[in-house]
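Asker: with the input below, show me the fold.
(one chain, ligands or ions: 1)
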Amino acid sequence: MPIRVISSTAELHEYTRGRLRAGQSLALVPTMGFLHDGHTSLMREGVRRADVVAASIFVNPTQFGPKEDLSTYPKDRDGDLAKCEAAGVSVAFLPDAHAVYPPGFQTYVNVEKASQGLCGDRRPGHFRGVATVVTKLFTLFRPEVALFGEKDFQQLCVIRALAKDLDLGVDVVGMPTVREADGLAKSSRNSYLSADERQRAVAISRGLFAAQAAFVSGTTRAESLLELVRAQLRAAAIREDYVELRDEATLEPLVQIVAGQRARLFVAGFLGKTRLIDNVRVG
Ligand code: PAF
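Answerer: You can find the predicted model right below:
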């Protein structure tokens, strides 16, 4: 069956009612489009976990700051729909901004703790926009499972928290970051990079992997691990936005990894105007 494209919330409600009546479980993959292998890996996992897989493709204006790339965010409607279909998606939701935020819209979701620090501090209002649109998508689709990439690890924590706190009954699944052959995390924003920036961008994952290897060899102090990442950023002339070591479960900043602790190293950096993020588990 060809993919069904829905653009209005009324049609989506009708679809959801029919699906629930038919007793089919649904896996949802929310995206902002310009899909890459990271997104399609989520869709394929959805196929394994539910009867039907749906994707949303919506560049959500409320998660962009006034000086961010909302107007230039890359788009490829037809290519995205072809990728969705090939990955087993049967329903795609492509609303316009008015369908999601009709005139008079005034209800926002704020996940207090998980939204603090890291991208939450650097991009004020970002996670409020993410939490609001994801809550709305969960309400419209009523999925049993929803899949997100670990590249946006703080986002994953925010979404897990809102699903739990609001009792939305959805299993929020985080999937490993998909990387290019040289280690760069796949991201729609990689398309902004010039050839030179693309070559330098690999320093982000190189730094994270160097720190991971140092941890395996016994380095546990944050200062030393962070310096390994920063050295790579400096060598590639990547402007640091943040480099931090945090506990994986609480996102609390760490000065040292203690035995048995799961920690994550988080990086955000600028190549020209392009801001890239990445993270890896250590411990
Ligand atoms: O990760 C993204 O692409 C977006 O933040 C999301 C989760 C689709 C919400 O707009």
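Asker: helix or strand right after the longest helix seen in the chain?
Answerer: Among the segments of the chain that qualify as a helix by DSSP state H, the longest is helix 195-216. Past helix 195-216, heading to the C-terminal end, the next element that is a helix or strand (DSSP states H and E) is helix 222-235.
Asker: could you list the buried residues of that next one?
Answerer: Going by neighbour count (16 or more other CB atoms under 10 Å), the buried part of helix 222-235 is 222, 225-230, 232-233. For every residue, glycine as well, the C-beta is placed using N, CA and C.
Asker: ok, now stretch 89-99?
Answerer: Under the neighbour-count criterion of 16+ other CB under 10 Å, stretch 89-99 has 89-95, 99 buried.
Asker: may I see the residues you listed arranged in JSON lines, with pLDDT, secondary structure and distance to the ligand as well?
Answerer: Converted to JSON lines, the buried residues of stretch 89-99 look like this (pLDDT from 0 to 100; DSSP: H, G, I helix; E, B strand; the rest coil; distance: CB to the nearest ligand atom, whole Å):
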{"residue": "V89", "pLDDT": "98", "secondary structure": "coil", "distance to the ligand": "14"}
{"residue": "S90", "pLDDT": "98", "secondary structure": "coil", "distance to the ligand": "19"}
{"residue": "V91", "pLDDT": "98", "secondary structure": "strand", "distance to the ligand": "16"}
{"residue": "A92", "pLDDT": "99", "secondary structure": "strand", "distance to the ligand": "13"}
{"residue": "F93", "pLDDT": "99", "secondary structure": "strand", "distance to the ligand": "11"}
{"residue": "L94", "pLDDT": "98", "secondary structure": "coil", "distance to the ligand": "13"}
{"residue": "P95", "pLDDT": "98", "secondary structure": "coil", "distance to the ligand": "12"}
{"residue": "A99", "pLDDT": "98", "secondary structure": "helix", "distance to the ligand": "14"}
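Asker: fine, thanks again, bye for now.
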